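> Give me the fold of what follows.
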Amino acid sequence: MTVLTEIDHVAIAVNDLEAAIAYYRDTFGCEVDHREVVESDGVEEALLKVADSYVQLLSPTRDDSPVAKYLEKRGEGLHHVGYRVDDCAAALERVKQGGHRVIDEAPRPGSRGTTVAFVHPKGALGTLIELVQE
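As a prediction, this is how the structure comes out:
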């Protein structure tokens, strides 16, 4: 049974969201398809549509957010990969039953009205994974 249906987004942590948007617009011709502040995660995101997926630019809105901590420790760059799933709760349960480490014990609301859950990088071959149910 395949759990991941396609790539939803590739998330890039940036210090200056406006500069990052300008870079993608001027360099690759990408325009912002969706923009939102996700208060629960302490980030502002800009989604740039690429085929059926997105480049998600993330910038912290507060100093204690996970993205702010990431930028302080690692600098700008790839933050996580978001994979679409048909059932976030079932996908998360499968990860947990496999003995892998998760960040979210249960699915929660994400941007664009999605349901999401994060899998810890230590349980996912060094890559932070977001499970995204539309």
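> Show me where this structure has its helices.
With DSSP state H as the criterion, the chain has helices at 17-28, 66-74, 88-97.
> Show me how far the longest one is from its chain's centre.
Centroid separation between helix 17-28 and its chain, computed with C-alpha atoms, centre = their mean, to the nearest Å, is 18 Å.
> Please apply the same query to the second one.
Computed by C-alpha atoms, centre = their mean, the chain-centroid distance of helix 66-74 equals 14 Å.
> do the same with stretch 69-85
Centroid displacement of stretch 69-85 relative to its chain, using C-alpha atoms, centre = their mean, is 7 Å.
> Could you do stretch 2-18 as well?
With C-alpha atoms, centre = their mean as the basis, stretch 2-18 stands 5 Å off its chain's centre.
> So for it, first residue to last residue, what's the gap.
Its start and end residues considered, stretch 2-18 measures 37 Å (C-alpha to C-alpha, to the nearest Å).
> Out of the helices of the chain, which one sits most buried?
Most buried of these, by mean neighbour count (mean count of other C-beta atoms under 10 Å): helix 88-97, with a mean of 17. Placement of C-beta: from N, CA and C, glycine included.
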